[in-house]
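S.K.: Structure for the following, please:
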Amino acid sequence: MTALWHDLPDAQAALRPDAAALSDTTGADWTWADLKAASEDLAQVLAHAGVARGDRVLVLAENCNAAVAALYAATRLGAAAIPVNARQTAAEVDRVIAHATPAAILATAAVSPDAAAHAARLRAAPVKGRFGTLHMTACASDPEGVGDVAVVLYTTGTTGTPKGVMLTHANLIFGGTASAGLRGISPDDVIYGVLPITHVFGLASIVTAAAVAGARIRLEPRFSAAKLYAALTEGVTLLSAVPQMHALLMQYTAEQGLDRLPGQTLRYVSSGAAPLDPTWKRKAESFYGVALQNGYGMTETTAGVSITQSAPGDPDISTGPALPGVDLRIDETVPGGGDGAGEVVVRGPNIMKGYFRNAEATAAALSPDGWLRTGDLGRIDDRGRLHILGRSKELIIHGGFNVYPPEVEAALNDHPQVIQSAVIGRIEEGDEKVLAFVQVAPGCDLTPGDLRAFVADRLAGYKRPERIILATQLPAAPTGKILKHRLLEAFADQLEKD
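M.R.: Next up is the predicted model:
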């Protein structure tokens, strides 16, 4: 019999029913038996509302126990779950609803004021059970034969057209199993779950990996450096985060007069969503007292493609070799390719089924023999490790030279007063100029001139930013990933003044 995604927590409930599984900010502490009972209870509620095999259930959520139960409840009915971050705007949510045509919508209003606002405008009513309290509205059923699809994740794009990535039960099980194995996750681990479970990293590498291994997740709906600081001194053993979270935690710790975490229990720390630079990696390892791991993946690859297993002090800043069972190659024929660099192309059991109701986009991304074109530029070194150079669409061609934004960002991030940076290109006077947007702490006295001098001996002349905009905040997705396509709009006034 084919394994299903919700078989993972069910297996833990059978083996270790009283072991801790989830806790959240509502004060709910669930065992594996509690999680199984909660998702079964909610599945009955959905069935009574008319949800059937082939339907979709949209879950407007921020991280909490009930959100996890809602995702598993949908798949128990043979429906596909559609996790959507409740912090998205009404217009963004409505575009997903219009495209996905869900049979029911659930909202985690108890932990999210944004979910509560969406629930109110969608006229969702409270439903209660062993899962706690959720708000639900039923819609006209529109079953569609998506077969083995467990979840549909709508990606953040540069256009208004939503694109739903269909991930199968097998995709999620493979991704969670690989993540648990390579990180050595065990039932003794406590994972800090602040990465949104409505996005692939949180869903596959945290929720699913924990269910594979039987580890406990401490769920947080929103990032707070103070809360993370406290959690890391209270038994958390695994932390997966994005660079902005690491940087803000280090800043908060410094404000407490400390240069590293006191009394922490961490054994594994990883950073994703952006390339590492050597200086920042050394700083992070000194701060945490353990090796900093890196990896590469995307929604279409169920999060994982490659991952490092470095020892502390290892200067390697690659994203590591491919996961076992995953094939990687580089297509050098694309713009920005050549000399070993090119588009990263991936094949394996982690690759999505396709884009929901978008055969044209699916055909453009997936070859008939299963290779996915990632749209990312990279190279593979002589040890088989993948190095990401950036998005192919973000390649800057300045003065006839290729400029890879991550390289410029790494140089800027080396400055001790820089939290993070984002580099893009913009056509001016017939050439593509390098623009840098740099996040610093409030009250910081750093100037663009200081940064230009700092990177002068780190970057060739054609790579140096033409303009540097300093800010205390950059536009970011709920995952913490910088939204580069919003930078020009967000800082239009400053760019005009310059």
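S.K.: List of residues touching the strand or helix carrying residue 12?
M.R.: Following DSSP states H and E, one finds residue 12 within helix 7-15. The contact list for helix 7-15 (C-beta atoms under 8 Å, 6 or more residues apart in numbering) reads 19, 21, 31-33, 35-36, 39, 72, 173, 176, 208, 211-212, 214. The C-beta positions use only the backbone N, C-alpha and C, and glycine is treated the same way.
S.K.: Tell me which helix or strand comes right after that helix.
M.R.: Next along the chain after helix 7-15, taking DSSP H and E as the criterion, comes strand 20-23.
S.K.: hmm, back to that, just the buried subset of the contacts of helix 7-15, please.
M.R.: Neighbour counting with 16 or more other C-beta atoms under 10 Å marks 21, 31-33, 35-36, 39, 72, 173, 176, 208, 211-212, 214 as buried within the contacts of helix 7-15.
S.K.: C-terminal to the helix or strand bottoming out on mean pLDDT in the chain, what's the next element?
M.R.: Sorted by mean pLDDT, DSSP states H and E, the helices and strands of the chain end with strand 401-403, the least confident at a mean of 75. The C-terminal neighbour of strand 401-403 among helices and strands, as given by DSSP H and E, is helix 405-413.
S.K.: Kindly spell out which helices and strands sit in contact with that following helix.
M.R.: Here helix 405-413 touches helix 278-288, strand 386-391, strand 418-428, strand 431-440, helix 448-455, going by 3 or more C-beta pairs under 8 Å, 6 or more residues apart in numbering; DSSP states H and E.
S.K.: Redo these as JSON lines? Include mean pLDDT and mean neighbour count.
M.R.: Shown next, in JSON lines, are the helices and strands packed on helix 405-413 (pLDDT from 0 to 100; neighbours: other C-beta atoms under 10 Å):
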{"stretch": "helix 278-288", "mean pLDDT": "87", "mean neighbour count": "18"}
{"stretch": "strand 386-391", "mean pLDDT": "86", "mean neighbour count": "21"}
{"stretch": "strand 418-428", "mean pLDDT": "87", "mean neighbour count": "20"}
{"stretch": "strand 431-440", "mean pLDDT": "89", "mean neighbour count": "21"}
{"stretch": "helix 448-455", "mean pLDDT": "93", "mean neighbour count": "15"}
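S.K.: okay if I get those as TSV plus distance to residue 127?
M.R.: Formatted as TSV, those follow (distance: least, C-beta to C-beta, whole Å):
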stretch	distance to residue 127
helix 278-288	41
strand 386-391	41
strand 418-428	40
strand 431-440	41
helix 448-455	53
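S.K.: Can you check which of these gets nearest to residue 482?
M.R.: Residue 482 lies closest to strand 418-428 among the helices and strands packed on helix 405-413, at 4.5 Å (C-beta to C-beta).
S.K.: Distance from the chain centre to the closest one, please.
M.R.: With C-alpha atoms, centre = their mean, to the nearest Å as the basis, strand 418-428 stands 21 Å off its chain's centre.
S.K.: Sheet partners, orientation included, of that strand?
M.R.: The strands that strand 418-428 pairs with in its sheet are strand 431-440 (antiparallel) (by DSSP bridges).
S.K.: Okay, now the unreliable bits of the chain?
M.R.: For the chain, the stretches with pLDDT under 70 are 1, 145, 156-161, 273-275, 399-401, 429-430, 479, 498.
S.K.: Quick check: longest helix in it by residues?
M.R.: Ranked by residue count, the top helix of the chain under DSSP state H comes out as helix 32-48.
S.K.: Backbone dihedrals for residue 65, please?
M.R.: Per-residue torsions, residue 65: phi -60, psi -40 (degrees, to the nearest 10).
S.K.: what's the spacing between it and residue 11?
M.R.: Between residue 65 and residue 11 the distance is 19 Å, computed by C-beta to C-beta, to the nearest Å.
S.K.: Tell me which of the two has more neighbours.
M.R.: Between residue 65 and residue 11, residue 65 has the larger neighbour count (other C-beta atoms under 10 Å), namely 25 against 16.
S.K.: any idea where the helices of the stretch 151-300 of the chain begin and end?
M.R.: 169-183, 200, 209-213, 225-231, 243-255, 278-288 (DSSP state H, counting those that start in this stretch).
S.K.: Could you export these as TSV, including distance to residue 461?
M.R.: Converted to TSV, the helices of the stretch 151-300 of the chain look like this (distance: least, C-beta to C-beta, whole Å):
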stretch	distance to residue 461
helix 169-183	41
helix 200	39
helix 209-213	45
helix 225-231	37
helix 243-255	27
helix 278-288	21
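S.K.: Which one, of those, ends up nearest to residue 438?
M.R.: The nearest among those, by C-beta to C-beta, is helix 243-255 at 11.9 Å.
S.K.: Can you tell me which helices and strands the closest one packs against?
M.R.: Looks like helix 243-255 contacts helix 225-231, helix 278-288, strand 418-428 (3+ C-beta pairs under 8 Å, 6+ apart).
S.K.: List the buried residues of it.
M.R.: Neighbour-count burial for helix 243-255 flags 243-250, 252-253 (criterion: 16+ other C-beta under 10 Å).
S.K.: so which of those comes closest to residue 423?
M.R.: residue 243 (13.9 Å).
S.K.: hang on, isn't the closest one packed against residue 421?
M.R.: No - applying C-beta atoms under 8 Å as the test, residue 243 and residue 421 come out as separate, 9.8 Å apart.
S.K.: the domain parsing of the chain - what is it?
M.R.: The record assigns the chain these domain ranges, following automatic domain parsing: 7-169, 223-392, 395-497.
S.K.: so can I have a markdown table of these showing distance to residue 190?
M.R.: Listed next are the domains of the chain as a markdown table, based on distance: least, C-beta to C-beta, whole Å:
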| stretch | distance to residue 190 |
| --- | --- |
| domain 7-169 | 8 |
| domain 223-392 | 5 |
| domain 395-497 | 21 |
